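**Q** Predicted model and sequence below, questions to follow.
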Amino acid sequence: MTTLLRDVLHDELDGLAVPPGDLAGVRRRGRRIRRARWTAVAAAVVLVAGAAVGLTRLGGSPADRGVEPIGRLDYSHGLRAYADPDVEVHLGGRTIPYADFRGLDTDAAATPDGIVHYREGVPYLLTESGESRALEPDAEGGSFAPTAKADAVHDWVAYGAVLDGHPQVVVRDTGTGEEIARREVGHNTVIDALDDGVVLLRDDTGTVAWDTATDEEEPVAGPKTRIADVRGSVLLYDGPTPDGPGAAGYQLVRGGVDAQLTLDGQYVLYWSPVLESTGTGGPLRLPLPKDATWFTIDTDGSILAAAPTRGGDVRVFDCPESGAACDELHRITGRHGDPEFIGNDM
């Protein structure tokens, strides 16, 4: 059965209006083509009547208690994933009740293939089909659920899971489903960054760089240093300067622990519509209202921003990384707190 036929059957079963076509790829950093989604997931979509939204499965193993399909999403402009706390979640052109997706929070990871999120300690991938699939069906539920991180070079994500009784960090290709590497870690391990196959892991003793290509670790920094982000061989940090051998080869840039790098590592995004250059160039100024307050970088490299209004609601924008005019996506109420950008713990 062809992909096109599967999509048509899916849409008919849902009883929905004809959604955007099943795109073979999405724009990544304005230049990259996303790898094909898992064949197994696409086949499973045919069997699902996705009209039910946000119901929780009862019984079975933790991996069986996921989120029911929500219907087709559109990731062609990035995930555009943000939430109005306690009101609604906006994701891939859809609006979903907030209570149905509390697992899609700032500890999740937004990737071009969907959002990696945890439920009862089990990692899931919410794909463009609208279905969440367990990335580790044999994972044991529990409290080990370190913040997942996505790679800007490969379609890879790093996440945690308890497997065979031990906490492990796994790197997986979200486009093909292939496991790239895994490593046993301590329960207090935090995933701080993933870039070009190198994972920055932190615990009480400091930060190490785990190279998934060689399966070797090298010290990066001591326990008082926090790695904020790593992109394009630029390492953004807070605290003492990283001086371990694992920091060699990176351009070291000091910044806030909750700052972000653009996907190419050329700019620092930090609570301002003015992005500071990590090199010799000047700042990048986004054409946003002067009171724009909240920011994140979407999976396609664009910048999502939110600005409060005098009436109390919040305007949400999507700004191209080129600094061209921004699109206003939506207005949210902001009644129950600051807007949340899913997959960003900034």
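**A** Happy to help now that I have it.
**Q** any low-confidence regions in the protein?
**A** 1-68, 102-107, 345-346 (pLDDT under 70).
**Q** Find the centremost residue of it, please.
**A** With distances taken as Cα atoms, centre = their mean, residue 110 lies nearest the centre of the chain, 1.7 Å away.
**Q** For that one, give its distance to residue 169.
**A** In this structure, residue 110 and residue 169 are 19 Å apart, going by Cβ to Cβ, to the nearest Å. C-betas here are computed from N, CA, C, even on glycine.
**Q** can you check residue 344 too?
**A** 20 Å.
**Q** about what we covered before: which is the next helix or strand following the helix or strand where the residue nearest to the centre of the chain lies?
**A** Element membership for residue 110, per DSSP states H and E: strand 109-111. As assigned by DSSP H and E, the chain's next helix or strand after strand 109-111 is strand 114-119.
**Q** picking up where we left off before, which residues does the strand holding residue 110 contact?
**A** Residues outside strand 109-111 that contact it (Cβ atoms under 8 Å, 6 or more residues apart in numbering) are 79, 81, 115-117, 125, 147-150, 155, 157, 159, 174, 298-299, 342-344.
**Q** Give me the sheet partners of that strand and which way each runs.
**A** Sheet partners assigned to strand 109-111 using DSSP bridges are listed as strand 114-119 (antiparallel).
**Q** For the next helix or strand after the strand it pairs with, list the C-alpha coordinates in CSV.
**A** Going down the chain from strand 114-119, the next helix or strand is strand 122-126, by DSSP H and E. Extracted in CSV, the C-alpha atoms of strand 122-126 (Å, rounded to 0.1, in the frame of the first residue of the first chain):
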residue,chain,number,x,y,z
VAL,A,122,9.1,6.3,29.1
PRO,A,123,10.2,8.4,26.1
TYR,A,124,7.8,8.9,23.3
LEU,A,125,7.9,10.6,19.9
LEU,A,126,4.8,12.6,18.8
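**Q** now the helices for the stretch 1-150 of the chain?
**A** Along the stretch 1-150 of the chain, counting by DSSP state H, counting those that start in this stretch, helices occupy 3-14, 39-46.
**Q** what sits against residue 317?
**A** 288, 292, 304-307, 326-329.
**Q** my read is it is in a strand, agree?
**A** Yes: counting by DSSP: H, G, I helix; E, B strand; the rest coil, residue 317 is part of a strand.
**Q** Excluding sequence neighbours, find me the nearest residue to it.
**A** Nearest residue to residue 317, sequence neighbours excluded (Cβ to Cβ, 6 or more residues apart in numbering): residue 326, at 4.3 Å.
**Q** now residue 308
**A** Leaving aside its chain neighbours, residue 308 sits nearest to residue 314 (5.4 Å; criterion: Cβ to Cβ, 6+ apart).
**Q** what does residue 225 give?
**A** residue 239 (4.1 Å).
**Q** what are the ranges of the strands in the stretch 1-150 of the chain?
**A** Taking DSSP state E, counting those that start in this stretch, the strands of the stretch 1-150 of the chain run over residues 27-28, 32-33, 82-84, 88-91, 94-97, 109-111, 114-119, 122-126, 132-134, 149-150.
**Q** Packing partners of the host helix or strand of residue 167?
**A** Element membership of residue 167 [criterion: DSSP H and E] is strand 166-173. For strand 166-173, the packing partners by 3 or more Cβ pairs under 8 Å, 6 or more residues apart in numbering; DSSP states H and E come out as strand 156-163, strand 179-184, strand 198-203.
**Q** Can you show me the strands along the stretch 201-346 of the chain?
**A** Using DSSP E, counting those that start in this stretch, strands in the stretch 201-346 of the chain cover 206-211, 216-221, 226-231, 234-238, 251-254, 260-261, 267-269, 274-277, 284-285, 294-297, 303-308, 314-319, 327-332, 340-341.
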